[in-house]
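Asker: Build the 3D model from these lines:
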Amino acid sequence: IRRGSRRKALALSGWCPGERVLDVCTGTGELALTFASQGARVVGADIARGMLKRAINKSPGPRSAWVEMDATNLAFAENSFEISVLSLALHHMPIAVQLAVLKELRRVTTKRIVIIEPHTPANRRWFALWAGVAALIDESEYIHEWVQQDFVNTCFTANLNVESVHVTSLGLHRILLCDPEISIPEG
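Answerer: A predicted model of the protein is given here:
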């Protein structure tokens, strides 16, 4: 299921050969390696050293680099990457930390930010059941807050323009495509 979401994220990202990609909260590097397998130069960043070691062991060659780094304080210059991606990490964070991560992604990205996160039910009556099942699958301490969070609004609060939302993987994930450029509405 996650493999399908990663391939769809790559296709939707608008990535072009020659563009640099940042995978924040890369974990074991699967999304970064999806981009690298297509020829992208990718940097995978994560604060968890053990996860990075697993990513390094899977890395086939020089198209990927791995750095230990806090996503709320990225040590990259502004506009260092055309594409930034983040997969299945934000729902593990309180909203204030999510906002800090999203603002950092906006700062280092010029073209598009691609976010994969759990999709939540449209009907609020299903929230408690969804959160209970999700808690069995994903041990996030913030899953009960996530299920009720208006994540698109969280992106807007971080000054990201949400271009589109795509539901994928049997409705389990949603992919958000965000433009890091701030647009000021007229009027």
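Asker: Does anything pack onto the longest strand belonging to the chain? Which helices or strands?
Answerer: Here the longest strand in the chain is taken by residue count, with DSSP state E as the criterion, and it is strand 109-118. Applying 3 or more C-beta pairs under 8 Å, 6 or more residues apart in numbering; DSSP states H and E, one finds that strand 109-118 contacts helix 2-13, strand 81-87, helix 95-108, strand 173-179. (C-beta placed from N, C-alpha, C; glycine too.)
Asker: That strand pairs with which strands, and in what direction?
Answerer: Here strand 109-118 is paired, per DSSP bridges, with strand 81-87 (parallel), strand 173-179 (antiparallel).
Asker: Nearest residue to F81 in space, please, no chain neighbours.
Answerer: Across the structure, with C-beta to C-beta, 6 or more residues apart in numbering as the measure, the residue nearest F81 apart from its sequence neighbours is L22 (4.2 Å).
Asker: Is it correct that the one you found falls within a helix?
Answerer: No - assessed with DSSP: H, G, I helix; E, B strand; the rest coil, L22 is strand; it does not lie in a helix.
Asker: What about it, how many residues nearby?
Answerer: Other residues within reach of L22 by the criterion other C-beta atoms under 10 Å amount to 26.
Asker: For the remainder of this discussion, apply numbering that starts at 6.
Answerer: Right, with 6 as the first residue, what we last looked at is L27.
Asker: That one contacts A45, doesn't it?
Answerer: No - with contact taken as C-beta atoms under 8 Å, L27 and A45 are classed as non-touching, separated by 10.4 Å.
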